[in-house]
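[1] Model the structure of this input:
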Amino acid sequence: MGEDAGRGALFREPAGNSARLGDDVAMSAPLGGGYTNEVWFARARRVIPGGVDSPVRSFSSVGGTPITIARGEGPYAYDIEGRRYIDLIQSYGAVILGHADPGVTEAIETAAAAGTTFGTPTPGETLLGEEVVARAPACEMVRFVSSGTEAAMSAVRLARAFTGRDRVIKFEGCYHGHSDGLLARAGSGAARSAPASANSSAGFALWTVDPPEQARPGASPRQVELTTSPEPEPAVPGSPGIPAGHITTTIVVPYNTVPGPEILDETVACVIVEPVAANMGLVPPGEGFLEGLRAACDAAGALLIFDEVITGFRLAYGGASELAGVRADLYCFGKVIGGGLPLAAFGGRQEVMSRLAPEGPVYQAGTLSGNPLATAAGRAVLDQLDRDAYRALSERVRGFCDELGAILDKAGVRASVARSETLCSVFFAAADTILPVRDFEGALGSAVTGIYARFFHLMLEQGIMLAPGPYEAIFVGMSHTEAVLEEVLSAAAWAAERLG
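    Okay, here's the model as predicted:
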């Protein structure tokens, strides 16, 4: 094969045994040698910083070489060497139906044949917008963007413009993308790579939480009091390159804590929160937490933003807001609504959304926003997700979590399996760790034990692909049948015996 031909078709469709790519992989091989994950990662590092296009994909938290995935089908992913894995990453929740779902693939192919992007209004964005609004009644209007970072950044700008205020409250361990003003005490990959000062209490206002026993599950939301002055200190930037001045209006408080009136006052434009935190592992809201935020925002005249980039149309038909029975003023969506393609959205009350240009003065734009391929994929996914589908998936995940918890307990592994409807995660704990985890400090305490890294590699050895870091959720999707999950549980039992 000539060099140009090899570069034109990196992979051929595998022939024969679908569980192996092996010699059926066709590529130019300037590095020489076989097609191993090590060789391919070395090649990637020559042209891509760290060899990955998102730090969350790196193995920096667990050690070793990232596996390079060549293709996927349903619940399975196949690496460059041809090994098959049960995939519990599923593009961090974006692929809820499984890889290469026929209905989604057909929708993308049909849309692509008609043109990929036009820079004009297209029918698909309106049709998908109608579906989002129908599923989330509190979201009366929606604006599509290309990433969750854009959605959160734009929602905060809109909230500031609507209220005429500057200050924003966010919560430790919640991740709202990598925009300057929100990357403080953030979860997901940011928790792994942030400067040490950004994951310590230094530089934050000092809080006291009373009573301490309220860390138990189902406890009432905690009230926070400043122990220094009524003016909280500014948050610490979560990355080099963020000027301190860009984050002076960001206030960070512990998750599952309702800020008191000393903090959430008439200077605050909005409170942004993951209604079910899924970027520090899976941390459900405590009883009364979201209701308390709603009441506190109303009292202060601030807007409440639910970042449902992960939970939107993943946890339930109408997302986490439907489950909680609490309405936000603005929402951020992503992952599921793009059907595996780059698409996100922010939306909310009509009187707030109407401030956006060109109807209002708040500027936001994007060349590929609401592009025909992504909106077609999103509609194809949502078309298959009725209420019965969510109920069935939730029950499947419930059973999986119950069995996983029992397996770890039997093996003498101190851990808790957190679950919220269709999402779950595992927290491994030291002897003095309080379980279940309720906030970022608890998640950090679990991560520093190092047990997750061992569990990750043991599971990978058994062909189970978990996220390569302790701050991500486990994504069980529609293609993970009972039989597939039994394979996962069997591997978990094998791994747990070696952890105990």
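
[2] How much space separates the closest residue in space to Q90 that isn't next to it in sequence from L341?
    Take Q90 and drop its neighbours on the chain: the residue closest to it by CB to CB, 6 or more residues apart in numbering is F475, 4.2 Å away. Heads up, the C-betas are built off the backbone N, CA and C, glycines and all. For F475, the distance to L341 equals 17 Å [CB to CB, to the nearest Å].

[3] the more surrounded of these two?
    Set side by side, F475 and L341 show more neighbours around F475, with 27 against 18, by other CB atoms under 10 Å.

[4] measure the more buried one to P275 for me?
    17 Å.

[5] cool, and D298?
    Where P275 is concerned, D298 sits at a distance of 17 Å (CB to CB).

[6] Next: S179.
    Separation of S179 from P275 (CB to CB): 20 Å.

[7] swap in H176?
    13 Å.

[8] any common contacting residues for the two?
    D307 (CB atoms under 8 Å, 6 or more residues apart in numbering).

[9] Compare those two (neighbour count), which wins?
    More neighbours surround H176 than the other of H176 and P275, with 31 against 27 (other CB under 10 Å).

[10] Show me where the stretch 51-200 of the chain has its helices.
    102-113, 123-135, 148-163, 189-193 (DSSP state H, counting those that start in this stretch).

[11] Could you list every helix and strand in contact with the third one?
    Helices and strands touching helix 148-163, by 3 or more CB pairs under 8 Å, 6 or more residues apart in numbering; DSSP states H and E, are strand 141-145, strand 167-171, strand 268-273, strand 303-308, strand 330-333, strand 344-348, helix 350-353.

[12] now the ones you listed in a markdown table, with mean neighbour count?
    Shown next, in a markdown table, are those (neighbours: other CB atoms under 10 Å):
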| stretch | mean neighbour count |
| --- | --- |
| strand 141-145 | 23 |
| strand 167-171 | 26 |
| strand 268-273 | 25 |
| strand 303-308 | 30 |
| strand 330-333 | 30 |
| strand 344-348 | 28 |
| helix 350-353 | 16 |
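
[13] so which of the ones you listed gets nearest R314?
    Closest approach to R314 among the helices and strands packed on helix 148-163 (CB to CB): strand 303-308, 8.2 Å.

[14] what's the following helix or strand after the closest one?
    Going down the chain from strand 303-308, the next helix or strand is helix 320-324, by DSSP states H and E.

[15] contacts for that next one?
    With CB under 8 Å, 6+ apart as the criterion, helix 320-324 contacts 136, 138, 275-276, 285, 290-291, 306, 308, 311-312, 315-316, 327-328, 331, 420-421.

[16] what's the answer for stretch 396-403, then?
    Against stretch 396-403 from outside (CB under 8 Å, 6+ apart): V417, R419, E421, T422, L423, C424, V476, H480, E482, L485, V488, L489.

[17] Identify the residues contacting the second one.
    Contacts here follow CB under 8 Å, 6+ apart; on that basis R419 touches L282, P284, V397, R398, C401.

[18] Out of those, grab the one that's most surrounded.
    Greatest neighbour count in the contacts of R419, by other CB under 10 Å, goes to L282: 26 neighbours.

[19] can you list the contacts of stretch 396-403 in TSV and add distance to D166 and secondary structure?
    Shown next, in TSV, are the contacts of stretch 396-403 (distance: CB to CB, whole Å; DSSP: H, G, I helix; E, B strand; the rest coil):
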residue	distance to D166	secondary structure
V417	41	strand
R419	38	strand
E421	35	coil
T422	37	coil
L423	33	strand
C424	37	strand
V476	41	coil
H480	44	coil
E482	51	helix
L485	47	helix
V488	47	helix
L489	50	helix
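
[20] Most neighbours out of those residues, which is it?
    T422 (26 neighbours).

[21] check contacts around that one.
    Per CB under 8 Å, 6+ apart, neighbours of T422: R314, L315, Y390, L393, S394, V397, V476.

[22] beta partners for the nearest residue to V273 once chain neighbours are set aside?
    Excluding the flanking residues, the one nearest V273 by CB to CB, 6+ apart is F171, at 5.5 Å. Judged by DSSP bridges, the bridge partners of F171 are V253.

[23] Touching, F171 and V258? I think so.
    No. Using CB atoms under 8 Å, F171 is not in contact with V258, being 10.6 Å away.

[24] For this structure, which element, helix or strand, carries the lowest mean pLDDT?
    Lowest by mean pLDDT, DSSP states H and E among the helices and strands of the chain is strand 207-209, with a mean of 27.

[25] got the contact list for the residue most central in space within the chain?
    Centroid check for the chain by CA atoms, centre = their mean gives I310 as the closest residue, at 4.5 Å. Residues in contact with I310 (CB under 8 Å, 6+ apart) are Y92, G93, E274, A278, N279, G334, K335, L423, A473.

[26] tell me how far the biggest helix by length in the chain is from the chain's mean position?
    Looking across the chain with DSSP state H, the single longest helix is helix 387-410. Averaging C-alpha positions (CA atoms, centre = their mean, to the nearest Å) puts helix 387-410 20 Å from its chain's average.

[27] Please identify the buried residues of stretch 60-68?
    Neighbour counts over stretch 60-68 (16 or more other CB atoms under 10 Å) mark S60, S61, V62, P66, I67, T68 as buried.

[28] got the end-to-end distance for that stretch?
    Stretch 60-68 has an end-to-end distance of 15 Å (criterion: CA to CA, to the nearest Å).

[29] Now tell me what touches it from outside.
    Contacts of stretch 60-68 (CB under 8 Å, 6+ apart): 37-38, 40-41, 44, 51-52, 57-59, 79-80, 83, 85, 192-193, 447, 452-453, 456-457, 460, 465, 468-470.

[30] that older thread, the residue nearest to Q90 and G64, how far apart?
    21 Å.

[31] same check, this time on L408
    Relative to G64, and taking CB to CB, L408 is found at 23 Å.

[32] Q364 now?
    Q364 is 41 Å from G64, where distance means CB to CB.

[33] How about E130?
    46 Å.

[34] S147 now?
    In terms of CB to CB, S147 sits 28 Å off from G64.

[35] A302 too?
    Taking CB to CB, one finds A302 at 45 Å from G64.

[36] Ok, S446 next?
    Applying CB to CB to S446 and G64 gives a distance of 20 Å.

[37] which stretches of this protein have low pLDDT?
    The chain contains residues with pLDDT under 70 at 1-34, 183-234, 237-239.

[38] domains of it?
    Using automatic domain parsing, the domain ranges for the chain come out as 3-101+386-499, 104-382.

[39] winner for burial among the ones you listed?
    Looking across the domains of the chain with neighbours counted as mean count of other CB atoms under 10 Å, the highest average goes to domain 104-382: a mean of 20.

[40] before we move on, back to that, list the contacts for the residue nearest to V273?
    F171 sits next to V252, V253, P254, Y255, T257, V273, E274, A277, F440 when contact means CB under 8 Å, 6+ apart.
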